[in-house]
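J.: Just need the structure, nothing else, for what follows:
(chains A and B)
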Amino acid sequence: MILVDIWEGTDPRPEVERFCEMWGIQGTILLDPDAAYAQALGIRGVPTNVLVDSDGTVVDVGLVRIEELEAAVARLVG
Amino acid sequence: MNDLPVGAACRIDSGGASVSLAEIPVGLDPEGVAVDSRRRRAYVACSRADYVAVVDLETNEVVAQVVVGSEPIDLAFDPATDRILTADAHSDTVSVVDAETLELVATVDVGMYPSGLTADHESRRIYCGNSLGSTMTVLDLDTLETIATVEAEVGAGAIAFDRTRNLVVCVNFIAASATFVDTKTWEPVGRVEVGSGACAVGVVPERGEAFVVNSLAGTVSRVSLDDFTVREELAVGSAPVGLTVAPAHDRVYVSNRGAGTLSVLGVADGDQWAQLPVGEGPGGVVVDPTDGRVYVANAGTGTLSILVDRLSGPPATAAVEERHPLIGAKLPEFSLLDFRTGERRSSREWAERKYIVNFFASW
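T.: Predicted coordinates for the structure are as follows:
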């Protein structure tokens, strides 16, 4: 999973650091401070998950609730 | 129980159910919003900018920025005293601003991380939910003196009241619960477990019901104010965070932070009548009872949406869910900075892999 932080408005680093510490988040975190990439994808809110297949095709968008996400991941992994 | 929605993948075609009147830039991470009908102004708590944006509703422009405490999240306006009040999460205070002079006139200490603020204008009280203090502070709306500090649960925040039952409902985000407090004794008289991430609440006294927004569960709980039980879980959009009851009490508006929409939820039928488009990352929502206009603070775009709900009642035809246009397309390439290493990372690194991109914000 890749996490992409958006819409912080100010310097995102201290905000992301605080957030990760609070929730114990590890792994890859990328910064999209002006949400330009998110906007290009038509993302209108957070959190939003985008599931990508091995050929680069987007297979699902949204999926905030854990049961939705688990089911979609199960379909993706096959 | 209703079938639950697919989530942010789907935008619901509202079929002309609303008219957007304006989307006004106000500042960083706007959350709480209130309307001053007499002055034709809106007040918006910009939590990352530490000020209240004063919006002239005739010109749709910000005419003042009033500095308050650190991280003002929620906000209330009291016409009787002509004051604006903010819950300043990082200051552990409530700031009080004179709406005529737009000057900070008082700062009141409350509990740790106050994040919810609700005024009962008739009973002359204001309730403040202290998330890290796990308490609710009750202030006298005129004297600003503390009347009581009531034990709630961790994540205490949004508050609503039912004067007919002498009840206050405080929802607890982390505990995923609601605490019911008797306003005569200031003692908790009940609790109920709701969905995870409970963060907003509204009351319809004549039905004896509270509607609790569960942001992580992605639902709204319909809760009995008589026996403190959940009667039903209602479907809304993705990551709901804000709620207000319409003046006619026939519907509630729920802002969906994940979907970037505003759900119109029927009070009687529990159905989602429509999802109305607003700005990105919407949160705080209120209705001006004098004209029915709906105001939504959009944390993502840093704007205030003003819209008119044109629905006279439940729609004749069910709302149509639209597939997100990205589904089935190739993911556009990205090149973004890595938070941990500072290096630029490209989507090519993940080529020929199956993966998830999770967009998030720290607020």
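
J.: Just give the nearest non-adjacent residue to the closest residue to chain A within the stretch 151-300 of chain B, would you?
T.: In the stretch 151-300 of chain B, the residue that lies nearest chain A is B:Gly260 (2.8 Å; CB to the nearest CB). (C-beta placed from N, C-alpha, C; glycine too.) Computed as CB to CB, 6 or more residues apart in numbering or on different chains, the closest residue to B:Gly260 that is not its neighbour in sequence is A:Arg44, at 2.8 Å.

J.: Kindly provide the distance from that neighbour to B:Val296.
T.: Relative to B:Val296, A:Arg44 is positioned 13 Å away (CB to CB, to the nearest Å).

J.: What of A:Gly62?
T.: According to CB to CB, A:Gly62 and B:Val296 sit 20 Å apart.

J.: So for the two, which sits in the more crowded spot?
T.: Applying other CB atoms under 10 Å in any protein chain shown to A:Gly62 and B:Val296 shows that A:Gly62 carries more neighbours, namely 30 against 26.

J.: Verify the stated contact: the more buried one with B:Leu326.
T.: No - A:Gly62 is beyond contact range of B:Leu326, at 10.2 Å (criterion: CB atoms under 8 Å).

J.: what pLDDT does the residue of the stretch 151-300 of chain B closest to chain A get?
T.: At B:Gly260, the model reports a pLDDT of 94.

J.: cool, and the one 10 residues further on?
T.: In this prediction, B:Gly270 carries a pLDDT score of 97.

J.: Next, count neighbours for B:Thr107.
T.: B:Thr107 sits with 15 neighbouring residues when counted by other CB under 10 Å.

J.: before we move on, what about the one 10 residues further on?
T.: Counted with other CB under 10 Å, residues neighbouring B:Leu117 total 28.

J.: Next: A:Pro12.
T.: A:Pro12 sits with 21 neighbouring residues when counted by other CB under 10 Å.

J.: what's the residue of chain A found nearest chain B in contact with, if anything?
T.: At 2.8 Å from chain B, A:Arg44 is the closest residue in chain A, using CB to the nearest CB. Contact analysis of A:Arg44 by CB atoms under 8 Å, 6 or more residues apart in numbering or on different chains lists B:8, B:259-261, B:280-281, B:300.

J.: For it, give me phi and psi.
T.: Per-residue torsions, A:Arg44: phi -110, psi 0 (degrees, to the nearest 10).

J.: Next one: it from A:Gly9, what distance?
T.: A:Arg44 is 17 Å from A:Gly9, by CB to CB.

J.: go on, A:Thr57?
T.: 32 Å.

J.: Comparing those two, which shows the higher neighbour count?
T.: A:Gly9 (20 against 14).

J.: ok, the closest residue to that one other than its chain neighbours - contacts?
T.: Residue nearest to A:Gly9 in three dimensions, not counting chain neighbours: B:Leu28, with 4.0 Å by CB to CB, 6+ apart. Contacts for B:Leu28 (CB under 8 Å, 6+ apart) come out as A:9-10, B:46-49, B:302.

J.: which of the residues you listed lies closest to B:Gly155?
T.: Nearest to B:Gly155, judged by CB to CB, of these is B:Ser47 at 16.8 Å.

J.: what's the neighbour count on the closest one?
T.: When neighbours are counted by other CB under 10 Å, B:Ser47 registers 30.

J.: can you check the one 3 residues further on too?
T.: The local packing of B:Asp50 (other CB under 10 Å) involves 22 other residues.

J.: Over to it: give its phi and psi.
T.: Dihedral angles (degrees, to the nearest 10) for B:Asp50: phi 60, psi 30.

J.: Nearest spatial neighbour of it, chain-adjacent residues omitted?
T.: Closest residue to B:Asp50 apart from its sequence neighbours, by CB to CB, 6+ apart: B:Ser70 at 5.7 Å.

J.: now do B:Leu104
T.: In space, and not counting its chain neighbours, B:Leu104 is closest to B:Val97: 5.5 Å by CB to CB, 6+ apart.

J.: Can you give the strand pairings for the host helix or strand of the one you found, parallel or anti for each?
T.: Secondary structure assignment for B:Val97, by DSSP states H and E: strand B:93-98. Using DSSP bridges, the strands paired with strand B:93-98 are strand B:83-88 (antiparallel), strand B:103-109 (antiparallel).

J.: taking those together, which one is wrapped up most tightly?
T.: Stretch with highest mean neighbour count among the strands paired with strand B:93-98: strand B:83-88 (a mean of 29; mean count of other CB atoms under 10 Å in any protein chain shown).

J.: what pLDDT, on average, does it get?
T.: Mean predicted confidence for strand B:83-88 is 98.

J.: Make TSV from the strands paired with strand B:93-98 and add distance to A:Leu76 to it.
T.: Shown next, in TSV, are the strands paired with strand B:93-98 (distance: least, CB to CB, whole Å):
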stretch	distance to A:Leu76
strand B:83-88	41
strand B:103-109	50
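
J.: the strands in chain A, which residues?
T.: Secondary structure of chain A, counting by DSSP state E: strands at A:2-6, A:28-32, A:48-52, A:58-62.
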